[in-house]
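Student: Make a model of this:
(one chain, ligands or ions: 1)
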Amino acid sequence: MSGITRRNFVKLLGAGGAVSAFGLAGCESTPKTASRAAARVVVIGGGFGGASCAKYLRVYDPSLNVTMIEQNTSYMTCPGSNWVFGGLAKLDDIVHNYNALRGKHGVNVVHDKVTAVDPAKRVVTLASGKTVEYDRLVMSPGIDFRMKAIEGYDEAATQIMPHSWKAGPQTALLLKQLQAMPDGGTFIMCPPGMPFRCPPGPPERASMVAHYFKTHKPRSKILILDAKEDFSKKGLFMEAWEELYPGMIEWVPASKGGKVFRVDPKTMTVYTDEGLTTHKGDVVNIIPPQRAADLASTVGLVNDTGWCPVNQHTFESKLAPGIHVIGDSAVAGALPKSGHTANNIAKMTAAAIVSELRGHKPPVPSHVNTCYSLVGPEYGISIAAVYRLGEDGVLAGVKGAGGLSPTKAPALQRSQEAGYARGWYASITADTFG
Ligand SMILES: Cc1cc2nc3c(=O)[nH]c(=O)nc-3n(C[C@H](O)[C@H](O)[C@H](O)COP(=O)(O)OP(=O)(O)OC[C@H]3O[C@@H](n4cnc5c(N)ncnc54)[C@H](O)[C@@H]3O)c2cc1C
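Tutor: Numbering: from 1, shown residues only. Okay, the predicted model is just below:
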């Protein structure tokens, strides 16, 4: 081992592990050791996409210099946030920190807000005034809302009619409102049209609120005014609502007057039917139409759809080379906007970056999404699918893989799926933050 220092030996071991992990063993080209040792990868956002990517960059190649920039010092997950409304989890149960990313994985975690990125100079500017240089940049800043889409719904209105579609203070606010609502009151929820973060999230939220009402305020009602004609796992949710919460939940599709045009937070009124019909709620949850997070627009990564077009093999931006956009902000073909896919895309992107830094072709990804919903404490349902990369992007479900929970399943199966839902949460958060 003469001529090989201990540090270099550890680097070589790391490189070997990563190479075989990507199925690149036996590849003829020589790894670019010198440039790899110097490569600085910056990841913006410490949610499911960003934290997973920062961790797996270091897992795949421990010699990389990885910096993750996240504005908050801890992260409350949206998954599990609906369970809080049902009393099945506490707010603290769904908060995660970045200690393992720092200590166990050697990621340089910086808490600051990114205000600008200069793709030509490869420099990130922070609210504190500091700058961070990069060789490769990954952005996973999540979503923001199209606030002007519903008349009367603005920043101030979110404090009266919360969206609770980014977990944190908005989750706590909706919880407080539901707890303060009198028995016999009406909870109105208004989900947006596609595409939006977590399509099965609204019916799961309705289910969890129904569970809370059933156990604490049984005379209360839930009205879902939907901008869509259909919703994820509809047959399964409807069957469960009839069994667990008969007569409590009413769902109104867009064609029957469900689409919301205007709100008046002062009178807690929602206007549908092009403004002709009014609904008053005691608690109103407006989930506005969505778009890629503000920062993605600031950096120039967004096209006229409001989302970020990417090469769906490597998730490199089609508008700014050298910047990868992952998670909910990206247009990811048939993949839904979920924490599970954000985690999955993050690993594939980390693998692509490590491969490219070594002068290898990125591995061809195969993706998976699994989404569990709790309808009651012992009643879980799920949908799962496997996705392959086609010529134009990520294609819908591989035949024979995944599927939906069956209808009319025995109680034992529903309760087993409720257990799997909790297990899924424990494993995805351990994989992302642990
Ligand atoms: C109610 C609800 C339930 C859900 N349930 C599930 C579920 O059961 N399963 C599932 O798979 N998915 C679920 N999801 C979806 C999941 O939460 C998202 O798809 C996932 O969080 C997307 O990850 P992301 O990394 O793209 O964004 P995020 O997780 O939102 O992370 C973005 C991060 O970027 C940071 N950031 C943004 N801008 C800046 C900036 N300028 N500077 C610094 N930091 C910045 C933010 O602070 C944030 O931490 C649910 C969503 C909701 C709303």
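Student: I'd say E133 and R40 touch.
Tutor: Yes - using C-beta atoms under 8 Å, E133 is in contact with R40, at 6.5 Å. Backbone N, C-alpha and C define where each C-beta goes, glycine included.
Student: So between those two, which is more surrounded?
Tutor: R40 (16 against 12; other C-beta atoms under 10 Å).
Student: Give the bridge partners for the more buried one, please.
Tutor: N65 (DSSP bridges).
Student: Not counting its neighbours along the chain, what's nearest A320?
Tutor: Nearest non-adjacent residue to A320, counting by C-beta to C-beta, 6 or more residues apart in numbering: P119, 4.5 Å away.
Student: How many neighbouring residues does the one you found have?
Tutor: Neighbour tally, P119, other C-beta under 10 Å: 17.
Student: so which helix or strand takes in F187?
Tutor: Using DSSP states H and E, F187 sits within strand 186-190.
Student: State the mean pLDDT of that strand.
Tutor: The average pLDDT within strand 186-190 is 98.
Student: Okay, buried residues for the very next helix or strand once past it please.
Tutor: Where DSSP H and E defines the elements, the next helix or strand beyond strand 186-190 is helix 201-216. Neighbour-count burial for helix 201-216 flags 201-213 (criterion: 16 or more other C-beta atoms under 10 Å).
Student: out of those residues, what pair is the most spread apart?
Tutor: Checked with C-beta to C-beta, the buried residues of helix 201-216 reach their widest spread between G201 and F213, with 18.5 Å between them.
Student: Kindly give the local confidence score, pLDDT, for the residue in the stretch 51-200 of the chain positioned nearest to the ligand.
Tutor: Closest to the ligand within the stretch 51-200 of the chain is G142: 2.7 Å, counting by C-beta to the nearest ligand atom. pLDDT recorded at G142 is 98.
Student: ok, now D273?
Tutor: So, for D273, pLDDT stands at 81.
Student: Distance check, it against the ligand.
Tutor: 27 Å (C-beta to the nearest ligand atom, to the nearest Å).
Student: For P141, I want the exact helix or strand it lies within.
Tutor: Going by DSSP H and E, P141 is not in any helix or strand.
Student: Could you count how many residues lie near it?
Tutor: 27.
Student: Skipping adjacent residues, who's closest to it in space?
Tutor: A293 (3.7 Å).
Student: neighbours around that neighbour, how many?
Tutor: Residues near A293, counting by other C-beta under 10 Å: 24.
Student: likewise the one 10 residues further on?
Tutor: Counted with other C-beta under 10 Å, the neighbours of N303 add up to 13.
Student: Please report the distance of the residue sitting nearest the centre point of the chain from the ligand.
Tutor: The centre of the chain sits closest to G339, judged by C-alpha atoms, centre = their mean, with a distance of 3.7 Å. G339 sits 3 Å away from the ligand, going by C-beta to the nearest ligand atom.
Student: what's the closest non-adjacent residue to that residue?
Tutor: That would be F48: by C-beta to C-beta, 6+ apart, it lies 4.0 Å from G339.
Student: quick one: contacts for that neighbour?
Tutor: T77, S140, G327, G339, H340, A342, N343, A346, I428, T432 (C-beta atoms under 8 Å, 6 or more residues apart in numbering).
Student: same question, A332
Tutor: So A332 contacts V310, Q312, F315, T341, I345, G393, V394 (C-beta under 8 Å, 6+ apart).
Student: Tell me the spacing between it and the ligand.
Tutor: 10 Å.
Student: same thing with G376?
Tutor: Distance from G376 to the ligand, by C-beta to the nearest ligand atom: 16 Å.
Student: contacting residues for that residue?
Tutor: G86, S207, H211, A240, L244, A418.
Student: Most widely separated two among these?
Tutor: G86 and A240 (13.1 Å).
Student: Show me whatever sits in contact with both of the two.
Tutor: S207, G376.
Student: average pLDDT for stretch 388-403?
Tutor: Rounded mean pLDDT across stretch 388-403 is 90.
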